[in-house]
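A.B. asks: predicted model follows, preceded by the sequence.
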There are 2 protein chains.
Amino acid sequence: MITRMSHLFLRTLRDDPADAEVPSHKLLVRAGYVRRVAPGVYSWLPLGLRVLRQIERVVREEMNSFGAQEIALPALLPREPYEATNRWTEYGDALFRLEDRKGADYLLGPTHEELFALTVKGEYNSYKDFPVTLYQIQTKYRDEERPRAGILRGREFVMKDSYSFDLTDDGLAQSYRAHRDAYERIFRRLDVEYVIVSATSGAMGGSASEEFLAVSEVGEDTYVRSTESGYAANVEAVTTVVPEAVPVDGLPEAVVHDTPDTPTIATLVEWANGADLGRTVTAADTLKNVVGKVRAPGGEWELLAIGLPGDREVDAKRLEASLEPAEFALLDEADFAANPFLVKGYIGPKGLQANGVRYLVDPRVVEGTAWITGADAHGKHVVDLVAGRDFVPDGVIEAAEVREGDPSPDGAGTLVAARGIEIGHVFQLGRKYTDAFEVDVLGENGKPVRPTMGSYGVGVSRLVAVVAEQQHDDKGLRWPAEIAPADVHLVIANKDEAARAGAEALAADLDAAGIEVLLDDRKASPGVKFKDAELIGVPTIVVVGRGWADGVVEVRDRFSGEAREVPAGDAVGEIVGAVRGGRAQSAS
Amino acid sequence: MITRMSHLFLRTLRDDPADAEVPSHKLLVRAGYVRRVAPGVYSWLPLGLRVLRQIERVVREEMNSFGAQEIALPALLPREPYEATNRWTEYGDALFRLEDRKGADYLLGPTHEELFALTVKGEYNSYKDFPVTLYQIQTKYRDEERPRAGILRGREFVMKDSYSFDLTDDGLAQSYRAHRDAYERIFRRLDVEYVIVSATSGAMGGSASEEFLAVSEVGEDTYVRSTESGYAANVEAVTTVVPEAVPVDGLPEAVVHDTPDTPTIATLVEWANGADLGRTVTAADTLKNVVGKVRAPGGEWELLAIGLPGDREVDAKRLEASLEPAEFALLDEADFAANPFLVKGYIGPKGLQANGVRYLVDPRVVEGTAWITGADAHGKHVVDLVAGRDFVPDGVIEAAEVREGDPSPDGAGTLVAARGIEIGHVFQLGRKYTDAFEVDVLGENGKPVRPTMGSYGVGVSRLVAVVAEQQHDDKGLRWPAEIAPADVHLVIANKDEAARAGAEALAADLDAAGIEVLLDDRKASPGVKFKDAELIGVPTIVVVGRGWADGVVEVRDRFSGEAREVPAGDAVGEIVGAVRGGRAQSAS
């Protein structure tokens, strides 16, 4: 197809939009790919829609390649199924809710686990029907608190979501693997630089969960990776490297000291180094005890104390992930008043446990480690309180912050922080939803069997921004051949009639060879046209310019910037070769 | 591609769904094409989604063929633009409204005139940019009071909507024509039997509007067509054939008669035929005067009287269409009390006009016609009251019912009633929306010029039901080749291993030849497979059955029911020929 810029619904902008901060947002607006309609709600103009559709095509091909079947569920959904799984409430403000003319409650689907479980329940009733994987590429809705960066985090967006249904855990593992492999193929075809991070520590049992993060400074997701191995994980999923336990025999006795005015770790360390303990003390030698309260769903608030090395803070996200589905809150003054044994600044394990407070510790607090910690009285701390001898914690918890330089959990190298954009998620859901809707089918042995589910997502519209973000340069966008809005951007930069006719003939020949041509046939200066070509980012730019008189056209590679002159007679063959080469590279 | 039914997410049903009344709904559910999620909200299962996508493809190809450009606007839209055109209110209960987490008002787009006008305003600013036609194929939302017949009238549905922007009325007429022609091509490719009906009488000036109605008994739209010509129109758009005026010279004088107990047309006719008037009187000789009240937008209620032949009722829809945008209401007792000259059952033109009531008549009430009508006094009527002599109406109005047997407005034949399903609409909107948003561009003469718009729609998802409705037979669905979910339904109806292997090889050969194959490789009886094949409705059914031993396969035409035996060796060539023939027929 030949798309004429003289006719194309496109206006490029010289200036960055006022509301744009990240490069992909600026460039996608400037190049006329998307336009803002409301916060987090965008229109796709012709070039943007083409890239979006190309990405959809790649995703569809890779999903179909392993037998996933495409269906399309509505976006407008009744409340009842989401009520049954409690997500009507749990989603909070992120769910768009509405009523129909009869007052019935509806929502705009943010993700479709409920409906897919019900759909499978509606159609299938025998073990012979399984496994099955269904997917859709659909417009989804989430009322994000802070929509940002254009289509990077929108409130209306396109997602591929899929759901696998297996009868066994092994089957689920295979479906999970098939998705994971397909996602790798998709992101490679899109030339996306990504990492796969563990999304949970695995503490929840067999429910594996991994996220695909596109590496990007503008990403909202932080993760850590090893300096030496391929290890990468969400901060929530990092497991602490546990030191070896130390024999308690022969360790010094615990001694309580007067430590006036030492309510903080810093003041305590200062005291310790002035107290002639026979060693240099750092914050890592102190045991900080953080007390809060925790409530299981439907339960009562209970006190919970966490002991961790004094050089580390509690990371709220890691704490939440560890306690889920229970809720955590800090204590207020009323709580302190009701529990006078909590002596602020001087709380210690003994007082906590003596008063029945559940006491969990950081994995570093292994048996035989000696600590300086609170002695449960104002102005008093205890030195050499030994874990496993002087106190036995009620358990361990991953709640301490992860820091650059921490050892990598896989034993290779240390951790460094990085930022990424979530582009995919694979999750072994288990039977949460099939339980909720009692999805049972006849098993091979004649007894009912309940399928186990996986849930998998790819942020299709977000990928447009991600590719723009990773591939752009200071002149504009650069699209990998697989998803470019056209194969060739053919610029007519010569007013001569013969040159113009030659360019038209070249465009027609390329079209006949199956090449998508964006033809700049506008009455504009060559300078304007070159700038637009660089901004728009089609991977191969062909210029019919001054060289036409000498029988040559120029072929530019938008990525390398390399330009070469090609005899007009060879142009079709050369360009077809360049385009196919680019496509093959994307696909490899 | 080969789709294996052993793997396909499909369960066909033997029984009609309880909530289905029309054949297309029953069959699309039974054949596993769609599933209900909520009233008017459906899921598309694999086969249904394929047909939907095929129709989208046809629509897209025909839109692109005349230079329309595809974009994609959001479905979630802010209130403000719809407030500016008053449609936020005018849409009434049919609009899905919702609030975001910050309390801002949003709606789910039922149609996008506002946003397209704003989109063009945002990008274009010179006459050089015009004309331009933009379209989208998008999920739309209308909270129908009575969603019905499955996907025939849904609340979430797929539409192609497009909008043309021209600087002149001639340009608009051309854009309108281009759409109208494209729609004809689309519906022909889909083998849809349709009529184009005038949607307005043209009384509103240049704003032409036509509807494409698929001919169907289950349609909700009634229209009339000529028994002899191609004339077809919405009932609202029918113009009455006006009789010739009669010279008033020599007509008998008007005489008032005592007509006790004749408050209805029937009693009046009975009186007249007993009164020795020298002729036989029918209801058509009486002049019925209907009084109501009318209110222009923002105005006060005023009385309005309509005079029409006594054998006809006022058609509320025709009356409304004629008065639009003014509103019409019947009188209540208070109105009669306030206007004592309105003597129920005996109202006549003279009393009405003497009291300043605007008096409009049916077009048949031409000069020189003599009527029996009310004499404005209880128990009195006047005979031989002549229009143009004894009273002069304030104008004419198309408000009387249209009846079968009425002369066709184009002079050829008479009208008969028919039912149809709206599948397309073309409408010369004019400047309503460009006025609302002050869309002005620089004109050729340096002065601002305001574009004029056309608005055009095709009910894409509805067409799936329309084709099912028009093409089905008592065995199931039948899809035209252009939009079928597969080209060939290949049934393995022979348990023999060699036959099975032969069928697999045939499927592979067809696939290699670019034929979409639905392969019934299930372990089911031939009877079950044949029934499913007929229900699913792929146009060509190939059976590898008992004949395999004799080296033949059976090729059935789902439309004609014709079956013929083809030597296995010739099968690929024969089937490819049959499929291409079917496709060519659809496209012709």
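C.D. replies: Yes, it's here.

A.B. asks: following the lengthiest strand in chain A, which helix or strand comes up?
C.D. replies: When chain A is parsed with DSSP state E, its longest strand is strand A:415-430. Past strand A:415-430, further along toward the C-terminus, the next helix or strand under DSSP states H and E is helix A:432-436.

A.B. asks: what about A:Ala377, neighbour count?
C.D. replies: Using other Cβ atoms under 10 Å in any protein chain shown, A:Ala377 is surrounded by 15 other residues. C-beta coordinates here come from the backbone N, C-alpha and C atoms, glycine included.

A.B. asks: these two touch, right, it and A:Leu342?
C.D. replies: No. A:Ala377 sits out of contact with A:Leu342 when judged by Cβ atoms under 8 Å, with a separation of 11.7 Å.

A.B. asks: that's a helix at A:Met63, yeah?
C.D. replies: Yes. Assigned with DSSP: H, G, I helix; E, B strand; the rest coil, A:Met63 falls within a helix.

A.B. asks: number of nearby residues for it?
C.D. replies: A:Met63: 26 neighbours (other Cβ under 10 Å).

A.B. asks: what does A:Gly298 give?
C.D. replies: 5.

A.B. asks: ok, it to A:Glu327 distance?
C.D. replies: Distance, A:Gly298 to A:Glu327, by Cβ to Cβ, to the nearest Å: 11 Å.

A.B. asks: where do the helices sit along the stretch 251-400 of chain A?
C.D. replies: Using DSSP state H, counting those that start in this stretch, the helices of the stretch 251-400 of chain A run over A:265-274, A:316-323, A:333-338, A:349-354.

A.B. asks: point out the most buried one among those.
C.D. replies: Mean neighbour count (mean count of other Cβ atoms under 10 Å in any protein chain shown) peaks for helix A:349-354 among these, with a mean of 19.

A.B. asks: so A:Gly154 sits against A:Ser461, correct?
C.D. replies: Yes. The pair A:Gly154 / A:Ser461 is scored as a contact, 6.9 Å apart, by Cβ under 8 Å.

A.B. asks: thinking again about what came up before, nearest to B:Lys475 among the helices of the stretch 251-400 of chain A would be which one?
C.D. replies: Of all the helices of the stretch 251-400 of chain A, it is helix A:316-323 that lies closest to B:Lys475, at 57.0 Å by Cβ to Cβ.

A.B. asks: for that closest one, give the mean pLDDT please.
C.D. replies: Mean per-residue pLDDT for helix A:316-323: 90.

A.B. asks: mind checking how far that helix is from the chain centre?
C.D. replies: Centre-to-centre, helix A:316-323 and its host chain are 17 Å apart (Cα atoms, centre = their mean, to the nearest Å).

A.B. asks: try stretch A:143-159
C.D. replies: Worked out by Cα atoms, centre = their mean, stretch A:143-159 lies 13 Å from the chain centre.

A.B. asks: neighbours around the residue in the stretch 401-550 of chain A that chain B sits nearest to, how many?
C.D. replies: Closest contact between the stretch 401-550 of chain A and chain B, by Cβ to the nearest Cβ, is at A:Lys523 (8.8 Å). A:Lys523 is flanked by 8 other residues according to other Cβ under 10 Å.

A.B. asks: what pLDDT does the model give it?
C.D. replies: The predicted local confidence for A:Lys523 is 91.

A.B. asks: now it. Nearest residue, chain neighbours left out?
C.D. replies: Nearest non-adjacent residue to A:Lys523, counting by Cβ to Cβ, 6 or more residues apart in numbering or on different chains: A:Ser6, 7.7 Å away.

A.B. asks: so that neighbour makes contact with A:Ala524?
C.D. replies: No. Counting by Cβ under 8 Å, A:Ser6 sits too far from A:Ala524 to count as a contact (9.4 Å).

A.B. asks: on that earlier part again, how about the longest strand of chain A: buried residues?
C.D. replies: A:415, A:418, A:420-430 (16 or more other Cβ atoms under 10 Å in any protein chain shown).

A.B. asks: ditto for stretch A:290-307
C.D. replies: So stretch A:290-307, judged by 16+ other Cβ under 10 Å, has buried residues A:290-294, A:303-307.

A.B. asks: stretch A:161-180 - what's its average pLDDT?
C.D. replies: Here the average pLDDT along stretch A:161-180 is 96.

A.B. asks: typo on my end, stretch A:571-582
C.D. replies: Averaged across stretch A:571-582, pLDDT comes to 87.

A.B. asks: helix or strand: which one has A:Val576?
C.D. replies: Using DSSP H and E, the element containing A:Val576 is helix A:571-587.

A.B. asks: what's that helix in contact with?
C.D. replies: A:189-191, A:480-483, A:487-488, A:506, A:509-510, A:513, A:515, A:539-540, A:542, A:553, A:555, A:557, A:566 (Cβ atoms under 8 Å, 6 or more residues apart in numbering or on different chains).

A.B. asks: just the buried subset of these, please.
C.D. replies: So, by 16+ other Cβ under 10 Å, the buried ones in these are A:189-191, A:480-483, A:487-488, A:506, A:509-510, A:515, A:539-540, A:542, A:553, A:555, A:566.

A.B. asks: coming back round to it: would you convert the buried residues of stretch A:290-307 into a markdown table that also reports pLDDT and distance to A:Ser65?
C.D. replies: Formatted as a markdown table, the buried residues of stretch A:290-307 follow (pLDDT from 0 to 100; distance: Cβ to Cβ, whole Å):
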| residue | pLDDT | distance to A:Ser65 |
| --- | --- | --- |
| A:Val290 | 95 | 50 |
| A:Val291 | 95 | 53 |
| A:Gly292 | 95 | 49 |
| A:Lys293 | 95 | 50 |
| A:Val294 | 94 | 46 |
| A:Leu303 | 95 | 53 |
| A:Leu304 | 96 | 48 |
| A:Ala305 | 96 | 52 |
| A:Ile306 | 97 | 47 |
| A:Gly307 | 96 | 51 |
